[in-house]
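Enquirer: Got a sequence here, can you model it:
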Amino acid sequence: MELDYQICRSETRRKLTITVERDRSVVVRAPMEVSEEKIREIVEAKRFWIFEKLHHVQKYTPPHPPGKEMVNGESVLYLGRSYRIEVVDTDATEILFDRRFVIPRSHASRRKEVLREWYIERAKATILPRVRRFADKLGVAYKHANIVDSRYRWGSCTVKDNVNFNWRLIKAPMFVVDYIIVHELAHLMEPNHTPRFWNIVSAQSPKMEKARAWLRDNGQLLEEDI
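Expert: Sure thing, here's the model as predicted:
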C-alpha cells in the first residue's frame, strides 16, 4: 500500500522526525542534506508504526465535532470540570465566571465568540506562566511561547525553539495542561520520542499516563468549537 507523506526541510534541523498529525497527514521533517531516497528508506522502516498511528480510533474520529448550542442550562468545560451557562440581564459587558458562566444578554447573539475570547485570555494567563516555570525546572530556553488556534494539535515545538499551545487546552484538567507543556519543552532537549524523551517527561509530569489516558478518552470534547 502506497504511503503518502509530506517532507518539510529546514537548514536549522539536525535530526529527521516523522509525525502523524490529527488530520492523518504524515509529515517528515528533515535537515536539508538528507536525500529523498534516504527519507524513503526511513519511512519504509517506520511503516508499521505509521499505520498504527493512522488507525488510532480515539485520535482521529471525528476530527472536529460541532460545538454546543450555548443556551441557558447548557454546560461547557473549564479546567476539566463542566460549568453551567446562564445568559442574564446585566449592565456588565464581560463574562463573569463564578462556579458558572454568566453571559450578559447584550452578548447573546455572539455568545460563542465571547466565550471563545474568554477561553483564549484565560489560556494566556494560566498556561504561559506555567511554561516559564517548567522551562526553568528543565533548564531549557525557548524563544517564544504562544497560545494558538490549532485544529489538530494540543502543542508543538518548532525548529526555531518556539513552543505553541492550543487554547482549547484550558478546558482540560491542570495535570493534562502540565503534561502537554512538559512534553513540548522536552523536545528542546530531545527532538524524538526516545526512551530518554519519555524519561524527561515522566520526571516532570508524574501523572503523564493519567494525562494521556484523559486525552484519549476526552480529547474529542476539547475539539468542540466551544
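
Enquirer: Any regions of the chain where pLDDT drops low?
Expert: For the chain, applying pLDDT under 70 flags the ranges 1-2, 22-23, 52, 55-73, 90-93, 106-111, 151-152, 224-226.

Enquirer: And the residue nearest to the spatial centre of the chain, how close does it get to Ala123?
Expert: Among the residues of the chain, the one closest to the centroid is Trp154, at 0.6 Å (C-alpha atoms, centre = their mean). Distance of Trp154 to Ala123, given as C-beta to C-beta, to the nearest Å: 12 Å. All C-beta atoms are positioned from the backbone trio N, CA, C, and that covers glycine.

Enquirer: Now for the two: what residues contact both?
Expert: Residues touching both Trp154 and Ala123 (C-beta atoms under 8 Å, 6 or more residues apart in numbering): 165, 169.

Enquirer: on that earlier part again, what's the residue nearest to the centre of the chain in contact with, if anything?
Expert: Residues near Trp154 by C-beta under 8 Å, 6+ apart: 165-166, 168-169, 180, 215, 219, 222.

Enquirer: Show me the two of these that sit farthest apart.
Expert: Largest separation among those by C-beta to C-beta: Phe165 and Gly219, giving 14.5 Å.

Enquirer: Which of these two has more residues huddled nearby?
Expert: Phe165 (26 against 17; other C-beta atoms under 10 Å).

Enquirer: so what secondary structure elements neighbour the strand or helix carrying that one?
Expert: Following DSSP states H and E, one finds Phe165 within strand 163-166. Based on contacts counted as 3 or more C-beta pairs under 8 Å, 6 or more residues apart in numbering; DSSP states H and E, the elements that strand 163-166 packs against are helix 111-138, strand 145-148, strand 155-157, helix 174-186.

Enquirer: What angle do helix 174-186 and the longest one make with each other?
Expert: Spelled out, that is helix 111-138. 60 degrees (axes from the mean of the first three to the mean of the last three C-alpha atoms, to 10 degrees).

Enquirer: Pull out the buried residues from helix 111-138.
Expert: 111, 114-116, 118-120, 122-124, 127-128, 130-131, 134-135, 138 (16 or more other C-beta atoms under 10 Å).

Enquirer: Much appreciated, bye for now.
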